[in-house]
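Engineer: Model the structure of this input:
(2 chains)
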Number of protein chains: 2
Amino acid sequence: MALIVQKYGGSSVADADGIKRVAERIVETRRAGNDVVVVVSAMGDTTDDLLDLADAVSSEPAGREMDMLLTAGERISMALLALAIRDLGEEARSYTGSQAGMMTDEKHGAARIVEVSPLRVRAALDQGYIAIVAGFQGFNRDSGDITTLGRGGSDTTAVALAAALGAEVCEIYTDVDGIFTTDPRMVPAAHKIDRITSEEMLELAAAGAKVLYIRAVEYARRHGVTLHVRSSFSRNEGTLVVNPKEGETVEEPLITGIAADLSEDKITVVGVPDVPGTAARIFTIVAKTGANIDMIVQNASTVNTGVADISFTLPKSQVPAALEALEAGRAEVGFSTLQHDDGIGKIALVGAGMRTNTGVSAQLFTALSDAGINIDMISTSEIRISVVTRAEIVPEAVRIIHTAFDLDAEGEAIVYGGTGR
Amino acid sequence: MALIVQKYGGSSVADADGIKRVAERIVETRRAGNDVVVVVSAMGDTTDDLLDLADAVSSEPAGREMDMLLTAGERISMALLALAIRDLGEEARSYTGSQAGMMTDEKHGAARIVEVSPLRVRAALDQGYIAIVAGFQGFNRDSGDITTLGRGGSDTTAVALAAALGAEVCEIYTDVDGIFTTDPRMVPAAHKIDRITSEEMLELAAAGAKVLYIRAVEYARRHGVTLHVRSSFSRNEGTLVVNPKEGETVEEPLITGIAADLSEDKITVVGVPDVPGTAARIFTIVAKTGANIDMIVQNASTVNTGVADISFTLPKSQVPAALEALEAGRAEVGFSTLQHDDGIGKIALVGAGMRTNTGVSAQLFTALSDAGINIDMISTSEIRISVVTRAEIVPEAVRIIHTAFDLDAEGEAIVYGGTGR
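Structural biologist: Numbering: from 1, shown residues only, chains lettered A, B, ... in the order given. Next up is the predicted model:
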């Protein structure tokens, strides 16, 4: 008998029909002879409705009481799911984050899991119950206060439970069929990836692929949890995210997937002194605004003028604060001007096969150059190449790369319909 | 510094404006120099909405998971209240039933409080916080499962906390001004009672007065908690429900209040053998259907026929099951026919002064007889007289009694507007 953890997001349990459909799927898994632990998010609009109420009574809702409020959402969906399962003839028991032993630190709204002790979940399984656990929530180990895990919290709950319980697989149900070679809305020839390593998945997620949260993938990688990303609207197999053991032979395609990201802008600090410590000063200033700096390129001065330009990308929403902070630090850094480019797009190629194949960069640059596409910035990791180009040209560039690396499916892929939540 | 427990019902926190109004009232109490513990029910329609959802996914929603579901309601209202309070410049901490140490038995949907251990609530007060506790909920001391207390649960939560914390007073906020001498919709001359003993309040509640639940009053009486029933929509003093110590002199009016109840029917078992054990057989049969039998009258046979009639009243909804069970037991009991009267009304006069005044019954019967009103059944306790008459005549009878016992206010009373929830 295998132990399977299944996670259903808010769009899968958006209404009573969704809850009943999910209940059927859970009961099916149970009756196939598995122990089942289900992690569920709040129903579709519940969280937004609660946020609206909070805004109506408070000018700055946050902290402990917001977590108390928002965790009502999963309480509702998990109890309804348990009721629906009983109606199908199986018995389920639902557990809040605290009851399931999800201990976190004290950071309300963005707590980190520090320990998972699912004693009651284990006991429920031993008694033959299906266990349902509220996603996204835990409790502060020191104070006992309810906490929420922030973005991607329910995925992380599922992975953490799968790790603590030693589950065979953690199934992440979503509204798309799995992980695709690239966004099928952009590239109709994109196809579902059957199997990807967690390392590749991390790079894709970091580069803008939205189906899985980095945090959950990291947790899965660290604890050796196999993920299965699949659709709650079909019975198709989805994408397995695996953790091959060292030395294990895995057939590694040169490029597994391509992520495109139009959510960042570029800031260029022009004319900074070309002396040690300048970059550190700039990024200390920017980091203090809480900005997530992504790619960095320093263009050293071509003639020996003693000044250079430093460019970096960051999410659009963080640009104003970063510009303001840099402006305030102008004297300290000693730059001449700031440039802000809101028309960039980022493309990342990810593939574990890059490790053993040195020709990828050349093949990429040739393909883009043949198509007359200019590259603005480049950064690489062991299994990833990222380039920055103009935003409007990104879809065409991705299609060209997808074809150049033989990723095109035979015929058109299923249309990518979801929000990737 | 006094410790005050305040309980706000669902109609007081029906929407964001209600929550803000309640928050102001709480902050006012705090700034007057009191420690404040607030017990709050779910917002207006939340419980009904959750019940609808449960009905949509399950054919018979009940038990552990229904309690998990319904307790989301108070979680929402208490967190919003805490946020609203912070917006007014005071700090509040909300606690679920389990966090507040409300231990109950295992009976889901109708759990009884077995122990109250509000350590975290006490700690919050010591740190200067306003403590908000979810009404209506607790947890099974043995299993740790969430339970709900059933009807009147939030009032009971408030009283139980007041007792455990040694509060000076437990204020029950509602949408009426307090306890009235009788229902002002029926008797415009009814007036608010300033002070009533818990013993009298119990009798009135048992006789159909709806502002307070019997269960909460019983708890208050047993633990010596003073209740203050008042409106959340005005600043008027309401009604104090007190527990005079033995020997304490209390000015006891002959009649404190009059309750009318049109929710019961009468069943008469005609022609039962006038031998010992017959009544026991009848009421054993009826009790097995779960019926709440109220008044019982046995009319012994006037001539020595050896048969008698036994009449009793019970809630209308319980009549069909009772009739069916009696019919099935006809041979066992040996009665001739069953009569069902669905046109009765019950009037109860309550007053601690009755103990020391023997003329009340005579005065009552004279007043009714002068008005040509027939009495069908009579029952009495130490401080109550109940009579059954025709339903359509109840309003007139209550007005006559109200006047006869000098309860009429000068001028008309404020119109009674609420549901008494």
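Engineer: partner strands of the helix or strand encompassing A:Q298, parallel or antiparallel?
Structural biologist: Using DSSP states H and E, the element containing A:Q298 is strand A:296-299. Its sheet considered, strand A:296-299 pairs with strand A:307-315 (antiparallel) by DSSP bridges.
Engineer: tell me which residues in the strand it pairs with are buried?
Structural biologist: A:307-314 (16 or more other Cβ atoms under 10 Å in any protein chain shown). (Each C-beta comes from the backbone N, C-alpha and C, glycine too.)
Engineer: and the next element down the chain from it?
Structural biologist: Taking DSSP H and E, what comes next after strand A:307-315 is helix A:319-328.
Engineer: Tell me which helix or strand in chain A has the weakest average pLDDT.
Structural biologist: Within chain A, no helix or strand scores below strand A:296-299, which has a mean of 82 by mean pLDDT, DSSP states H and E.
Engineer: Contacts for that strand, please.
Structural biologist: Under the contact criterion Cβ atoms under 8 Å, 6 or more residues apart in numbering or on different chains, strand A:296-299 has outside partners A:279, A:283, A:308-312, A:377-379.
Engineer: quick one on the thing from earlier: quick check: of the buried residues of strand A:307-315, which lies closest to chain B?
Structural biologist: Closest approach to chain B among the buried residues of strand A:307-315 (Cβ to the nearest Cβ): A:L314, at 31.4 Å.
Engineer: Provide a list of residues in contact with that closest one.
Structural biologist: Neighbouring residues of A:L314 by Cβ under 8 Å, 6+ apart: A:264-265, A:267, A:286, A:291-294, A:322.
Engineer: Could you do A:E60 as well?
Structural biologist: B:D87.
Engineer: buried residues in stretch A:33-43?
Structural biologist: Neighbour count says stretch A:33-43 has A:34-43 buried, by 16+ other Cβ under 10 Å.
Engineer: tell me the mean pLDDT over it?
Structural biologist: Stretch A:33-43 carries an average pLDDT of 97.
Engineer: Please apply the same query to stretch A:145-161.
Structural biologist: On average, stretch A:145-161 scores 93.
Engineer: In the stretch 201-350 of chain A, what residue lies closest to chain B?
Structural biologist: Taking Cβ to the nearest Cβ, the stretch 201-350 of chain A has A:S232 as its residue nearest chain B, at 15.9 Å.
Engineer: neighbours of that residue, just the number please.
Structural biologist: By the criterion of other Cβ atoms under 10 Å in any protein chain shown, A:S232 has 20 neighbours.
Engineer: Surely A:T289 touches A:L323?
Structural biologist: No: shown here, A:T289 and A:L323 do not form a contact pair, counting by Cβ atoms under 8 Å, at 9.4 Å.
Engineer: could you say what helices and strands the strand or helix carrying A:I267 packs with?
Structural biologist: Using DSSP H and E, A:I267 falls within strand A:264-273. With contacts defined as 3 or more Cβ pairs under 8 Å, 6 or more residues apart in numbering or on different chains; DSSP states H and E, strand A:264-273 has these neighbours: helix A:278-287, strand A:307-315, helix A:319-328, strand A:337-341, strand A:344-350.
Engineer: which helices and strands does the last one pack with?
Structural biologist: Okay, so that is strand A:344-350. helix A:198-206, strand A:257-261, strand A:264-273, strand A:384-390, helix A:394-404.
Engineer: buried ones in it?
Structural biologist: A:344-350.
Engineer: export these to a markdown table and tack on pLDDT and distance to B:V388?
Structural biologist: Putting these into a markdown table (pLDDT from 0 to 100; distance: Cβ to Cβ, whole Å) gives the following:
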| residue | pLDDT | distance to B:V388 |
| --- | --- | --- |
| A:I344 | 96 | 85 |
| A:G345 | 95 | 83 |
| A:K346 | 94 | 83 |
| A:I347 | 95 | 85 |
| A:A348 | 94 | 83 |
| A:L349 | 94 | 87 |
| A:V350 | 94 | 83 |
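Engineer: which among these gets closest to B:Y129?
Structural biologist: A:K346 (47.0 Å; Cβ to Cβ).
Engineer: Any stretches of the stretch 251-400 of chain A with poor pLDDT?
Structural biologist: For the stretch 251-400 of chain A, the stretches with pLDDT under 70 are A:251, A:300-304.
Engineer: Tell me where the model's unsure across the stretch 101-250 of chain A.
Structural biologist: A:246-250.
Engineer: Which residues of it lie near chain B?
Structural biologist: Within reach of chain B by Cβ under 8 Å from any Cβ of the partner chain, the stretch 101-250 of chain A has these residues: A:120, A:144.
Engineer: got the contact list for A:V307?
Structural biologist: Applying Cβ under 8 Å, 6+ apart to A:V307 gives the contacts A:271-274, A:301, A:336.
Engineer: Going by neighbour count, which of the residues you listed comes out on top?
Structural biologist: Among those, A:V272 has the most neighbours (other Cβ under 10 Å), with 21 neighbours.
Engineer: got the phi/psi numbers for the nearest residue in space to it that is not next to it in sequence?
Structural biologist: Closest residue in space to A:V272, ignoring its immediate chain neighbours: A:F335 at 4.5 Å, by Cβ to Cβ, 6 or more residues apart in numbering or on different chains. In terms of degrees, to the nearest 10, the main-chain angles of A:F335 are phi -90, psi 170.
Engineer: what about A:F335, how many neighbours?
Structural biologist: Neighbours of A:F335 under the rule other Cβ under 10 Å: 24.
Engineer: what does the one 5 residues further on give?
Structural biologist: As a burial measure, A:H340 scores 12 neighbours (other Cβ under 10 Å).
Engineer: OK, contacts around it?
Structural biologist: A:265-268, A:319, A:323.
Engineer: Format those residues as JSON lines; extra columns: neighbour count.
Structural biologist: Listed next are the contacts of A:H340 as JSON lines, based on neighbours: other Cβ atoms under 10 Å in any protein chain shown:
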{"residue": "A:D265", "neighbour count": "20"}
{"residue": "A:K266", "neighbour count": "22"}
{"residue": "A:I267", "neighbour count": "23"}
{"residue": "A:T268", "neighbour count": "17"}
{"residue": "A:V319", "neighbour count": "20"}
{"residue": "A:L323", "neighbour count": "16"}
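Engineer: Check which residues of the least confident helix or strand of chain A are buried.
Structural biologist: A:V297.
Engineer: ranges for the helices of the stretch 1-150 of chain A?
Structural biologist: A:16-31, A:46-57, A:64-70, A:72-87, A:119-126 (DSSP state H, counting those that start in this stretch).
Engineer: and these, which is most packed in?
Structural biologist: The highest average neighbour count among the helices of the stretch 1-150 of chain A, using mean count of other Cβ atoms under 10 Å in any protein chain shown, belongs to helix A:72-87 at a mean of 28.
Engineer: my guess is A:L254 meets A:F405, correct?
Structural biologist: Yes: at 6.3 Å, A:L254 counts as touching A:F405 under the criterion of Cβ under 8 Å.
Engineer: Neighbour count for the two, which is higher?
Structural biologist: A:F405 (20 against 17).
Engineer: could you measure that one against A:V159, distance?
Structural biologist: Separation of A:F405 from A:V159 (Cβ to Cβ, to the nearest Å) stands at 30 Å.
Engineer: for A:R141, same thing?
Structural biologist: 19 Å.
Engineer: Tell me which of the two has more neighbours.
Structural biologist: A:V159 (32 against 16).
Engineer: looking at it, that one is touching A:Y219, isn't it?
Structural biologist: Yes: assessed by Cβ under 8 Å, A:V159 is found in contact with A:Y219 at 4.6 Å.
Engineer: Mind listing the shared neighbours of these two?
Structural biologist: With Cβ under 8 Å, 6+ apart, A:V159 and A:Y219 have common neighbours A:V225.
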